[in-house]
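Engineer: No letters, just coordinates:
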């Protein structure tokens, strides 16, 4: 009897499912590997072009790579734009400020703004209404302080291990430079994160608020906003030779000379625009109020 024939290599069926994992396919594509972060990012772009990864995965991976060289000082909310609570303020004033700014956590100071004594969760204010024995001071949680040079990778690990979501950033002289949240860090990877205070797109682009201000979509047309406030935003801009803009967000960004960050303010045509939310390099929501109303507002500057 003759020996059995040696087994033949069976070519993969063209319709057979590719069982290689995502990381295996990516590793095979970039082998032997880039020599720098920039080359790695370029390899990711090529991987997307070759349909090895999708656009969302590429952006997240790029965010992880870029974040390795970033510090708390790079993404913090600068001290002048921090929303703080004064522990000496009455409960009603604190509650109004919390509602207007729509944050979930607030640094609390005593005496001067540099003297931050703790962090107050907005939801904890409700406990004061149920118990007269409680005080703001009793509800405070310890404040975490980090230097501006703190790497985002290390900070994210610290947030995770300590279960903190906010840290006060200090400069080399020990002064308050700003604040940073876990959301600020994660947004470097996944992009802007909407929270429970964001408004759904189907609720309209101009919304009246209880304090006589308005919440307006960055995509709202200039004509619609101008008509609502009885002004001419297009004619009020400083650079009359600039190109025409269709949306409020486009006009304000051009006038400011950069993509505004949350908390930044701009005055145009007698209106004050406060950036409430940005996403993908554009302003999504403004808080808008006539200057005569804004001066009596309790918003911090």
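Structural biologist: Perfect, thanks for sending it. The structure displayed is predicted, hence computed values, not measured ones.

Engineer: Map the structural domains onto the sequence of the chain.
Structural biologist: Domain assignment for the chain by automatic domain parsing gives 22-69, 73-190, 201-294.

Engineer: what's the span of the longest one, first residue to last?
Structural biologist: For domain 73-190, the first and last residues are 19 Å from each other (CA to CA, to the nearest Å).

Engineer: for stretch 141-153, same thing?
Structural biologist: Using CA to CA, first and last residues of stretch 141-153 are 24 Å apart.

Engineer: quick one on the thing from earlier: tabulate the domains of the chain (CSV), appending mean neighbour count and mean pLDDT.
Structural biologist: No exception for glycine: its C-beta is placed from N, CA and C like everyone else's. Converted to CSV, the domains of the chain look like this (neighbours: other CB atoms under 10 Å; pLDDT from 0 to 100):
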stretch, mean neighbour count, mean pLDDT
domain 22-69, 13, 72
domain 73-190, 16, 88
domain 201-294, 16, 81
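
Engineer: Please, where are all the strands along the stretch 151-300 of the chain?
Structural biologist: For the stretch 151-300 of the chain, the strands defined by DSSP state E, counting those that start in this stretch occupy 166-170, 176-181, 206-208, 214-217, 265-268, 271-279, 282-290.

Engineer: tell me the helices in the stretch 101-250 of the chain, going along the chain?
Structural biologist: Under the criterion DSSP state H, counting those that start in this stretch, helices of the stretch 101-250 of the chain are mapped to 125-130, 136-139, 152-162, 182-190, 222-229, 233-236, 248-256.

Engineer: still on that earlier bit, export the strands of the stretch 151-300 of the chain as a markdown table, with columns for distance to residue 139.
Structural biologist: As requested, those are arranged in a markdown table below (distance: least, CB to CB, whole Å):
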| stretch | distance to residue 139 |
| --- | --- |
| strand 166-170 | 15 |
| strand 176-181 | 19 |
| strand 206-208 | 31 |
| strand 214-217 | 28 |
| strand 265-268 | 30 |
| strand 271-279 | 26 |
| strand 282-290 | 27 |
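
Engineer: circling back to that earlier point, between the helices of the stretch 101-250 of the chain, which one is closest to residue 57.
Structural biologist: helix 182-190 (11.1 Å; CB to CB).

Engineer: can you list the residues that contact the closest one?
Structural biologist: 60, 63-64, 66-67, 70, 75-77, 152, 155-156, 159, 164-166, 193, 195 (CB atoms under 8 Å, 6 or more residues apart in numbering).

Engineer: Report pLDDT for residue 301.
Structural biologist: Residue 301 carries a pLDDT value of 32.

Engineer: which SS state does residue 52 fall under?
Structural biologist: Three-state assignment for residue 52 (DSSP: H, G, I helix; E, B strand; the rest coil): coil.

Engineer: Quick check: the gap between it and residue 223.
Structural biologist: 45 Å (CB to CB, to the nearest Å).

Engineer: just residue 106 next, same as before
Structural biologist: 37 Å.

Engineer: same question, residue 270
Structural biologist: 17 Å.

Engineer: follow-up on the earlier one: wait, which of the helices of the stretch 101-250 of the chain is closest to residue 84?
Structural biologist: helix 136-139 (13.0 Å).

Engineer: Which residues does that closest one contact?
Structural biologist: 87, 91, 94, 108, 117, 118, 120, 121, 124, 125, 127, 128.

Engineer: quick one, phi psi at the first one?
Structural biologist: This means residue 87. phi -60, psi -20 (degrees, to the nearest 10).

Engineer: Roughly how far does it sit from residue 94?
Structural biologist: Separation of residue 87 from residue 94 (CB to CB): 9 Å.

Engineer: same deal with the last one?
Structural biologist: Relative to residue 94, residue 128 is positioned 9 Å away (CB to CB).

Engineer: still on that earlier bit, and the helices of the stretch 101-250 of the chain: which comes nearest residue 291?
Structural biologist: helix 222-229 (11.4 Å).

Engineer: which other helices and strands contact that closest one?
Structural biologist: The contact analysis (3 or more CB pairs under 8 Å, 6 or more residues apart in numbering; DSSP states H and E) places helix 222-229 against strand 206-208, helix 233-236, helix 248-256, strand 282-290.

Engineer: Including distance to residue 98, could those go into JSON lines?
Structural biologist: Below are the helices and strands packed on helix 222-229 laid out as JSON lines (distance: least, CB to CB, whole Å):
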{"stretch": "strand 206-208", "distance to residue 98": "19"}
{"stretch": "helix 233-236", "distance to residue 98": "31"}
{"stretch": "helix 248-256", "distance to residue 98": "26"}
{"stretch": "strand 282-290", "distance to residue 98": "15"}
